[in-house]
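Q: Kindly return the folded structure for what I paste below:
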Amino acid sequence: MKTTWLEYNWQLDGNEAYFGVELSYYRKAPDEKHPLLCYFCCETTNGGALTPADEKRIEQLAAKCKRRTRIQPAGFVQSGNMRQYYFYTASKEEYDVLKDVAEKEKKLLCRVGGKREDDWATYFQLLYPNEVKYQTVKNREQVKKLHSIGDNIEASRRINLHVCFRTEQQRLMFEETARNAGFAIGGAEFLSESDLPNGVVIYRISSLKREDIDSVTVRVIKLAQKMEGRLSYWDCNIVPRSVAKRY
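A: Numbering: from 1, shown residues only. Just a heads-up that it's a prediction; the model follows:
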């Protein structure tokens with residue numbers, strides 16, 4: 001099976017966390033042949049944050065688990081001093097393999113647990129990104145591209161957010177809600193070939209730093225969802241780094 005692996009940042013219990021997920025499982029999940037959820041958790045021995053060397057070691061252990069069970073991890077969550085991988089297995093024998101790998105590890109504190117989870121709730125609710133989370137991945141890719149062509153991502157500028165809805169009434173309701181939330185309202189956009197043809201562009205002043213642009217798109221998506229709409233994309237003018245240094 002071809003690996004389609006995605007990693008992204010998000011919050012977990014109010015703390016910054018880093019997630020990884022195998023996207024290809026989504027098409028067949030829940031898989032009735034693999035109803036057992038097993039977790040493989042690794043922590044530092046001193047309670048400190050994971051170092052790059054720790055992360056590399058954990059990835060080696062995960063690869064060993066994958067090699068011995070022939071199962072691709074469904075994903076992982078990393079926060080503070082731990083990273084926890086999740087596997088959906090077919091039998092207790094595969095759980096025992098994970099346990100054996102954990103018990104033989106000397107550099108990190110590793111433990112294994114598991115439960116029956118026929119609905120794959122952990123995969124869908126914890127690991128797989130919803131619209132809000134996935135937009136942060138697209139934000140990261142877009143900002144990286146802008147930075148590569150000389151944009152000063154720390155500079156504030158107008159962000160143009162293109163949002164679309166099924167009906168004109170939904171669009172008008174959204175415009176009022178967005179205005180009350182501090183967004184400026186631009187012109188309407190009609191998308192004749194879209195399932196959500198009634199669009200509008202709204203504006204917000206923001207930098208392209210991750211926490212800033214993510215905050216803007218999270219807010220817009222949640223407002224749009226109340227009217228069954230979605231954020232199509234955002235764009236902005238480039239602020240050259242050479243220009244920003246003059247001020």
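Q: Where does Gly187 sit: helix, strand or coil?
A: strand (DSSP: H, G, I helix; E, B strand; the rest coil).
Q: so how many other residues sit close to it?
A: 7 (other Cβ atoms under 10 Å). (Glycine included, C-beta is placed from N, CA and C.)
Q: State the pLDDT value of it.
A: At Gly187, the model reports a pLDDT of 94.
Q: which residue sits closest to it in space, ignoring its chain neighbours?
A: Leaving aside its chain neighbours, Gly187 sits nearest to Val201 (6.2 Å; criterion: Cβ to Cβ, 6 or more residues apart in numbering).
Q: Am I right that the one you found sits in a strand?
A: Yes - the assignment for Val201 is a strand, going by three-state DSSP.
Q: in terms of contact, does it touch Asn160 like I think?
A: Yes - assessed by Cβ atoms under 8 Å, Val201 is found in contact with Asn160 at 5.4 Å.
Q: anything in contact with each of those two?
A: Gly186 (Cβ atoms under 8 Å, 6 or more residues apart in numbering).
Q: mind listing the strands for the chain?
A: According to DSSP state E, the chain carries its strands in the segments 5-12, 15-22, 36-43, 75-79, 82-89, 109-116, 157-165, 184-190, 198-206, 230-236.
Q: quick check: domain ranges of the protein?
A: 5-127, 131-244 (automatic domain parsing).
Q: ok, the residue nearest to Ser24 when sequence neighbours are not counted - how many residues close by?
A: Leaving out its chain neighbours, the residue that sits closest to Ser24 by Cβ to Cβ, 6+ apart is Thr4, at 4.4 Å. Neighbourhood size, Thr4 [other Cβ under 10 Å]: 12.
Q: what pairs with Leu12 across the strands?
A: With DSSP bridges as the criterion, Leu12 is bridged to Asn15.
Q: What about it, how many residues nearby?
A: With neighbours defined by other Cβ under 10 Å, the count for Leu12 comes to 14.
Q: just checking, it touches Gly80?
A: No - between Leu12 and Gly80 there is no contact under Cβ under 8 Å: 9.8 Å.
Q: Tell me, how many residues neighbour Arg230?
A: Arg230 has 17 neighbouring residues, counting by other Cβ under 10 Å.
Q: and if you look at Ala90?
A: 14.
Q: For it, give its distance to Gln78.
A: Going from Ala90 to Gln78 by Cβ to Cβ, to the nearest Å gives 26 Å.
Q: swap in Glu32?
A: Taking Cβ to Cβ as the measure, Glu32 falls 29 Å from Gln78.
Q: So those two - more neighbours on which side?
A: Set side by side, Glu32 and Gln78 show more neighbours around Gln78, with 22 against 9, by other Cβ under 10 Å.
Q: I'd say the more buried one and Ala49 touch.
A: No - using Cβ under 8 Å, Gln78 is not in contact with Ala49; the gap is 10.0 Å.
Q: Can you check which of the strands of the chain gets nearest to Gln60?
A: strand 36-43 (10.4 Å; Cβ to Cβ).
Q: pLDDT score for Glu55?
A: pLDDT recorded at Glu55 is 96.
Q: With that, I have no additional questions.
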